[in-house]
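Visitor: Mind looking at a prediction? Sequence and model below.
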Amino acid sequence: MFPTEPAAVNHGFGALLKNRNFMLLWMGQLLSQLGDKVFFVLVVALLKNYPPLPGLKESSMYSILMVAFTLPAILLGSAGGIFVDRFSKKLILVGSNVLQAIFALLIAFSPKEFLLFLILTFIISALAQFFAPAEQAAIPVVVRKENFMAANALYSSTMMGALIIGFAIGEPILSFAKTFLGAVYGQEVVVSGLYILSAVAFQLVDFKSDQKFVSDRRTLIDPWADFKEGLRYLKKNRLVLNAMLQLTTLYCVLAALMALAIRLAPDFGLKREQFSFFLAAAGVGIVLGAAILGHWGNKFHHKPLPLVGFLIMALVLGVFTFAQNLWLALGLCGFLGVGASLIGVPMQTLIQHETPPTMYGKVFGFQNHAVNIALSAPLAITGPLIDQLGSRTVLLGMSFIVAGVGVWTWKSTRRVLQDVI
């Protein structure tokens, strides 16, 4: 399907298209992430089929389901990295998707008990926490260093594309499956099929250089020791730590934007449930910015991309307080997405560039955990802050914080950052 080896001198997306292993990895990522989004739509749709527990109101079932879906990301965010350093990345990538497919099918044939439904949802979400760090660690194995920027640009674009497309097509796909495959198990078969196709793509990837970086499998797994070793590495390598802090800040802003979008939607003539328009516009901006970096990234050496990205996001957040037109608001969200890509793509590239293969699992597991918390915490605190201070005050406050973080982080990395991305 694709040439076996990537071109040694090519940069950008052209080199990736010639890299058979990366293209298979990318296909697996796309299918798995689509599976995750469609699965989320599925569990929300299936909720009405489960009677609530005694003493539990039906309205509370949704909140409990969300906890079951998101709690593994907070509890197990770094757990997957422990296994990445000890076991084959292919085994983790293939195995997690196959198990997700099996448990998704179990939902169709299990008794309609709400507690059992929560357990299966928790397990499927937990398996995704093993997949994420393995996928990040796989990119440096199959891609040359000069193409890290392009690979991460495509990765970021796919992640946002799956977020936008997955939620958009989830309901139509499930309705089609329910009609033509059967109401009993048709929807679950579609979700399982996406996970299985992802597993097949990963199975075809040749991780020939992976095994020499895998730790002795007989080594006793000690999560606490691995966690402390990862922390020691980050304290020693301040460049990687700083890049991770910038990524964490970025995801905090994006999560806060999600909470703000829900509150701001009525101000622009939208229903609250149409807040996704703002997120979709930001996603389009991220895809656009990532595409530019992926194709012409080698022309941006010695440029303060993260600083520019943070200042763009700060400017958008500040201007947004005065926006009253819907199209202007959507345009600002798109511009904010471009700024986000100028932070996310270079910083992820830096982490992959600077992290030794023997530390991939620990570092990417820790990063996955930090990002998961960054995506969850603002959702809990942004709402109360808006209630107390108002949307405009919160937006202006975020604008100053984002600008300050951008300037501070750039001052601490500008001497070395331009040499590694």
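Guide: Sure thing, it's come through.
Visitor: alpha carbons only for contacts and neighbour counts from here, please
Guide: Will do.
Visitor: Now the helix or strand encompassing residue 30: buried residues?
Guide: In the assignment (DSSP states H and E), residue 30 maps to helix 20-46. Within helix 20-46, the residues that count as buried by 16 or more other Cα atoms under 10 Å are 20-43.
Visitor: counting contacts, what elements does it pack onto?
Guide: helix 13-17, helix 114-142, helix 148-180, helix 186-203 (3 or more Cα pairs under 8 Å, 6 or more residues apart in numbering; DSSP states H and E).
Visitor: Between helix 114-142 and that helix, find me the angle.
Guide: 170 degrees (axes from the mean of the first three to the mean of the last three Cα atoms, to 10 degrees).
Visitor: Please pull up the helix or strand immediately following helix 20-46.
Guide: helix 58-75.
Visitor: re the thing from before, among the helices and strands packed on helix 20-46, which comes closest to residue 50?
Guide: Shortest distance between residue 50 and those, using Cα to Cα, is found for helix 114-142: 5.5 Å.
Visitor: so what does that closest one touch, helix or strand wise?
Guide: helix 20-46, helix 58-75, helix 79-84, helix 89-109, helix 148-180, helix 326-354, helix 360-389.
Visitor: closest to residue 130 out of those helices?
Guide: helix 79-84 (3.9 Å).
Visitor: Could you pull out the helices in the stretch 201-350 of the chain for me?
Guide: 223-236, 238-264, 276-296, 305-320, 326-354 (DSSP state H, counting those that start in this stretch).
Visitor: any chance of those helices in JSON lines, plus distance to residue 141 and mean pLDDT?
Guide: Formatted as JSON lines, the helices of the stretch 201-350 of the chain follow (distance: least, Cα to Cα, whole Å; pLDDT from 0 to 100):
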{"stretch": "helix 223-236", "distance to residue 141": "20", "mean pLDDT": "73"}
{"stretch": "helix 238-264", "distance to residue 141": "18", "mean pLDDT": "80"}
{"stretch": "helix 276-296", "distance to residue 141": "18", "mean pLDDT": "78"}
{"stretch": "helix 305-320", "distance to residue 141": "25", "mean pLDDT": "88"}
{"stretch": "helix 326-354", "distance to residue 141": "10", "mean pLDDT": "85"}
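Visitor: and residue 93, which of those is closest to it?
Guide: It's helix 326-354; of those, that one is closest to residue 93 (Cα to Cα) at 18.3 Å.
Visitor: okay, the angle between that closest one and helix 114-142?
Guide: Following the same axes, to 10 degrees, one obtains 60 degrees for the angle between helix 326-354 and helix 114-142.
Visitor: Next one: residue 242 from residue 205, what distance?
Guide: Distance, residue 242 to residue 205, using Cα to Cα, to the nearest Å: 32 Å.
Visitor: ok, now residue 131?
Guide: 15 Å.
Visitor: With neighbour numbers in mind, choose between those two.
Guide: residue 131 (23 against 18; other Cα atoms under 10 Å).
Visitor: Quick one: residues contacting that one.
Guide: Residues near residue 131 by Cα atoms under 8 Å, 6 or more residues apart in numbering: 80, 92, 93, 96, 97.
Visitor: What is the nearest of those residues to residue 255?
Guide: residue 80 (22.8 Å).
Visitor: Could you check how many residues crowd around the residue nearest to residue 340 when sequence neighbours are not counted?
Guide: Excluding the flanking residues, the one nearest residue 340 by Cα to Cα, 6 or more residues apart in numbering is residue 309, at 5.8 Å. Look at residue 309: counted by other Cα under 10 Å, it has 25 neighbours.
Visitor: Could you list which residues are in contact with residue 309?
Guide: 338, 339, 340, 341, 342, 343.
Visitor: State the distance from residue 385 to residue 314.
Guide: For residue 385, the distance to residue 314 - Cα to Cα - is 18 Å.
Visitor: Comparing those two, which shows the higher neighbour count?
Guide: residue 314 (27 against 13).
Visitor: can you tell me which residues contact residue 336?
Guide: 282, 285, 312, 313, 316.
Visitor: sorry, back to before: need the helices and strands packed on helix 114-142 in JSON lines with distance to residue 118, can you?
Guide: Below are these laid out as JSON lines (distance: least, Cα to Cα, whole Å):
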{"stretch": "helix 20-46", "distance to residue 118": "9"}
{"stretch": "helix 58-75", "distance to residue 118": "6"}
{"stretch": "helix 79-84", "distance to residue 118": "21"}
{"stretch": "helix 89-109", "distance to residue 118": "10"}
{"stretch": "helix 148-180", "distance to residue 118": "20"}
{"stretch": "helix 326-354", "distance to residue 118": "33"}
{"stretch": "helix 360-389", "distance to residue 118": "19"}
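Visitor: Most tightly packed of the ones you listed?
Guide: With neighbours defined by mean count of other Cα atoms under 10 Å, none of these is more surrounded on average than helix 79-84, at a mean of 28.
Visitor: That one - what's its average pLDDT?
Guide: Taken as a whole, helix 79-84 has a mean pLDDT of 71.
Visitor: swap in stretch 181-199?
Guide: On average, stretch 181-199 scores 87.
Visitor: I would like the residues contacting it, please.
Guide: 27-32, 34-35, 38-39, 42, 93-95, 97-98, 100-102, 104-105, 107-109, 174-175, 177-180.
Visitor: thought residue 364 was touching residue 135?
Guide: No. The criterion here is Cα atoms under 8 Å, and residue 364 misses it with residue 135 at 9.2 Å.
Visitor: Return the distance of stretch 18-36 from the chain's centre.
Guide: In terms of Cα atoms, centre = their mean, to the nearest Å, the centre of stretch 18-36 is found 14 Å from the chain centre.
Visitor: How about stretch 27-40?
Guide: 11 Å.
Visitor: Stretch 349-361 too?
Guide: Counting by Cα atoms, centre = their mean, stretch 349-361 comes out at 18 Å from the chain centroid.
Visitor: got the end-to-end distance for that stretch?
Guide: Per Cα to Cα, the first residue of stretch 349-361 is 16 Å away from its last.
Visitor: So what touches stretch 337-354?
Guide: So stretch 337-354 is contacted by 137, 140, 145, 148-149, 152-153, 156, 240, 243-244, 246-247, 250, 281-290, 293, 305-313, 417, 420-421 (Cα under 8 Å, 6+ apart).
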